[in-house]
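**Q** Dropping a prediction and its sequence here:
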Amino acid sequence: MKKEKIIFADPDQEYLNFLEGMVVPDLENDADIVMISELSYFQKYVNLLEKEDLLFVWKEWAQELGQIKNDHIILIGDSEESEKDLFIMPRSWNERVIKEQIRVLRTRVQKQEKGAKETKTLLVYSPVGGSGVSAAARESAEYLAERGEKVFFIGADTWQDYRRMIDQRLDETAEIFFAAGQKGGFSVWKQWICHENFDLIPPFRQSYVCLGLNLDFFRKIEKEVRESGLYDWIVFEVDHAYNGGLTQWMADADKILLIVRQGEKWNTIIPVMKKSMAVIPREKFCFVYNFFESGDTEEDKARQFGWDGEIFLGRHGQTQKEWEVWRKRLGEALCE
């Protein structure tokens, strides 16, 4: 089997030494690692590049690529920004982040060799707040990323509760992102994407409703992310308010993680919710019965709610064993 090829081209020999010491121990058995520090050699090497090669190149040398374009090229620069349609990896990135970027690119190449998949959308929704939607959305994104999927996470709930899970300094970029998102497409606002185990957009400093936004804004972002072809999954944490716009969004989505809890209130809500969502294909749903009381069986809960089709049960954050069961079922539901 042909080995992968990963090329690093940068005039900074010290930086190349750093990269070499980082990637060679992990990848030398799986990939051929090429380090280039001389422009003259890189100019000759360009003619040897193949479409599946992974290339990290100093941005000032990018002009040598001519008409060569693919999504396996990452520019190296002094700051995180975008140039044309190529992403720039700053030299300041630490080892963990660089390794994650390499892993994502390698996974993308492997998938393309097997046949590319189009971007899928996952909506995580509950009709009532306090049901564990934020944790479920975050865990879903984490799980998919760990599987080697390229994931884009967006908090489309009114208060964007995921802000407590990330670095608060990201608030400073939120309004810039908002302006860019309004004025231009993905190529304009992608430079404000935040990178963790998965990519995400920064939360706004106030409710997006106060900014005059609605679901249309997030549908616009979804469309642009899909068209970029850079991601396998877009994961949305969705607000619990239900309306016609959300019904259409669910109908368009690939999967819906629908989260409920037990109790008298839910016994009233579930029948109404089922009727409201009757127009949405049932196979899209992954049903999560959250925070259930010990002793309940899956059969009992399925009978209680009378929900035909896929029943997906979870108990958030109780024990490590229960988390493992949750993740296993999540994988079965989303990655079948």
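**A** Arrived safely, thanks for sending.
**Q** wait, what's in contact with the spatially most central residue of the chain?
**A** By Cα atoms, centre = their mean, the mean C-alpha position of the chain lies nearest to V151, the distance being 1.7 Å. By Cβ atoms under 8 Å, 6 or more residues apart in numbering, the contact set of V151 is A141, L144, A145, F198, D199, Y231, D232, W233, I234, V235. Where you see a C-beta, it was placed from the backbone N, CA and C, and this is true even at glycine.
**Q** So which of those residues wins on neighbours?
**A** Greatest neighbour count in these, by other Cβ atoms under 10 Å, goes to V235: 31 neighbours.
**Q** From what I see, it and L144 are in contact.
**A** Yes. V235 is within contact range of L144, at 7.2 Å (criterion: Cβ atoms under 8 Å).
**Q** And the strands in the stretch 201-336 of the chain?
**A** In the stretch 201-336 of the chain, strands defined by DSSP state E, counting those that start in this stretch lie at 233-238, 255-260, 285-289, 311-313, listed in chain order.
**Q** Could you write out the alpha-carbon coordinates of the first one in CSV?
**A** As requested, the backbone C-alpha atoms of strand 233-238 are provided in CSV (Å, rounded to 0.1, in the frame of the first residue of the first chain):
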residue,chain,number,x,y,z
TRP,A,233,-20.7,17.3,10.2
ILE,A,234,-22.3,20.6,11.3
VAL,A,235,-23.6,20.3,14.8
PHE,A,236,-26.2,22.8,16.0
GLU,A,237,-27.5,23.3,19.6
VAL,A,238,-31.0,24.5,18.8
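**Q** Name every strand pairing with that strand and say which way it goes.
**A** strand 120-125 (parallel), strand 151-156 (parallel) (DSSP bridges).
**Q** do the same with the third one
**A** For strand 285-289, the pairing partners within the sheet under DSSP bridges are strand 255-260 (parallel), strand 311-313 (parallel).
**Q** Pull out the buried positions in stretch 215-227.
**A** Within stretch 215-227, the residues that qualify as buried are L215, F217, F218, R219, I221, E222, E224, V225, R226, counting by 16 or more other Cβ atoms under 10 Å.
**Q** What score does the residue nearest to the centre of the chain have for pLDDT?
**A** In this model, V151 is scored at 93, pLDDT.
**Q** Apart from its neighbours in sequence, what residue is nearest it?
**A** Closest residue in space to V151, ignoring its immediate chain neighbours: F198 at 3.7 Å, by Cβ to Cβ, 6 or more residues apart in numbering.
**Q** Likewise for M273?
**A** Once flanking residues are discounted, M273 sits nearest to P127: 5.5 Å by Cβ to Cβ, 6+ apart.
**Q** tell me the secondary structure for the one you found?
**A** Three-state call for P127 (DSSP: H, G, I helix; E, B strand; the rest coil): coil.
**Q** where in the stretch 151-300 of the chain is pLDDT low?
**A** Where the stretch 151-300 of the chain drops to pLDDT under 70, the residues are 158-159, 161-184, 244, 263, 278-279, 291-300.
**Q** returning to that earlier point: which of the strands of the stretch 201-336 of the chain sits most buried?
**A** Of all the strands of the stretch 201-336 of the chain, strand 233-238 has the most neighbours on average by mean count of other Cβ atoms under 10 Å, namely a mean of 26.
**Q** For that one, which outside residues touch it?
**A** Here strand 233-238 makes contact (Cβ under 8 Å, 6+ apart) with 119-125, 133-134, 137-138, 140-141, 144, 149-157, 161-162, 198, 218, 222, 225-226, 246, 249.
**Q** Can you turn the buried part of the residues you listed into a PyMOL selection?
**A** Buried residues among the contacts of strand 233-238 (16+ other Cβ under 10 Å), as a PyMOL selection:
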select buried, resi 119+120+121+122+123+124+125+133+134+137+138+140+141+144+149+150+151+152+153+154+155+156+157+161+162+198+218+222+225+226+246+249
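**Q** quick revisit: kindly indicate which of the buried residues of stretch 215-227 lies nearest L55.
**A** V225 (23.4 Å; Cβ to Cβ).
**Q** How about the contacts made by that closest one?
**A** Applying Cβ under 8 Å, 6+ apart to V225 gives the contacts T119, F152, F186, Y231, I234.
**Q** one more time with 10 Å, if that's ok
**A** Neighbour list for V225: T119, T121, F152, I154, F186, K190, I193, D199, I201, Y231, I234 [criterion: Cβ atoms under 10 Å, 6 or more residues apart in numbering].
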